[in-house]
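Asks: Below: sequence and its predicted model.
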Amino acid sequence: MHQHKLLILILLFGAALRLFALGEYNPGFFRDESAIAYNAYSIWRSGRDEFGFSFPIVFRSFEVFFLPLYIYLLAPIVGIFGLNEFNARVLSAISGIFGLLAIYLITFQIWKQKSIALLSTFLLTISPWHILYSRGTFEGNLGLTLFSFGFLFLLKFLEKSTVINLSLSILLFILSMYSYQSERLIVPLLGLLAFILLFKKIIL
């Protein structure tokens, strides 16, 4: 029970670091943030992106292309609560908070020790890079959190081969691939590795 309370405190501390004055800091509102937020707002209002395409699966802006999941999840937030810096960033901040929970669960799944899991969670909580990416409109942060939970259920599946563990892992991995480009390389490679490990487990 004491360790559960400590986990809650760490998560609350992590939430505070990621949500406090989110609209003011990081200072400035750079190009990709504004492009993602505007496209989300446009999708909510008209079902079209900034170029007039209806419900695209890839969003073009300037010379870059965004995968769709972050924008579609952000659309009701900026559509209902307004188009501003805080609302544009809050989805990434929430993703970062859930990412802290994911690292706790993954670490505990591997080592089965709450003290190690708590330490890992605290280190990620105060990690400058994780705070930075949680406080900006970074679709990669959503992708990382979805990938982390997919990895968690993959570990659970390798330990206990149930349909629910496999289904959740596949679903979360697929969603991560629609969030950020790097997951489109990492997920298939990890899937191949998992297949090899599972095959060895079956034949041995």
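Replies: Done, it's in. Residues are numbered from 1 along each chain as shown.
Asks: Any buried residues in the top helix by length along the chain, and which?
Replies: Of all the segments of type helix in the chain, defined by DSSP state H, the longest one is helix 85-111. Using 16 or more other Cβ atoms under 10 Å as the test for burial, helix 85-111 gives 85-109. Just so you know, the C-beta spots here come from the backbone N, C-alpha and C atoms, and that holds for glycine as well.
Asks: And the next helix or strand along the chain from it, what's buried?
Replies: Once the chain leaves helix 85-111, the next helix or strand it forms, by DSSP states H and E, is helix 114-125. With burial defined by 16+ other Cβ under 10 Å, the residues of helix 114-125 counted as buried are 114, 117-118, 120-122, 124-125.
Asks: ok so, going back, I'd like the average pLDDT over the longest helix of the chain.
Replies: Mean per-residue pLDDT for helix 85-111: 96.
Asks: Tell me the helices and strands packed up against it.
Replies: helix 2-19, helix 31-46, helix 68-81, helix 114-125, helix 128-134, helix 139-159 (3 or more Cβ pairs under 8 Å, 6 or more residues apart in numbering; DSSP states H and E).
Asks: Tabulate the buried residues of helix 114-125 in JSON lines, adding columns for pLDDT.
Replies: Converted to JSON lines, the buried residues of helix 114-125 look like this (pLDDT from 0 to 100):
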{"residue": "Lys114", "pLDDT": "92"}
{"residue": "Ala117", "pLDDT": "95"}
{"residue": "Leu118", "pLDDT": "96"}
{"residue": "Ser120", "pLDDT": "96"}
{"residue": "Thr121", "pLDDT": "97"}
{"residue": "Phe122", "pLDDT": "97"}
{"residue": "Leu124", "pLDDT": "97"}
{"residue": "Thr125", "pLDDT": "97"}
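Asks: give me the number of residues near Asp11?
Replies: Quick fix: residue 11 is Leu, not Asp. 17 (other Cβ atoms under 10 Å).
Asks: How much space separates it from Lys112?
Replies: As judged by Cβ to Cβ, to the nearest Å, Leu11 and Lys112 stand 20 Å apart.
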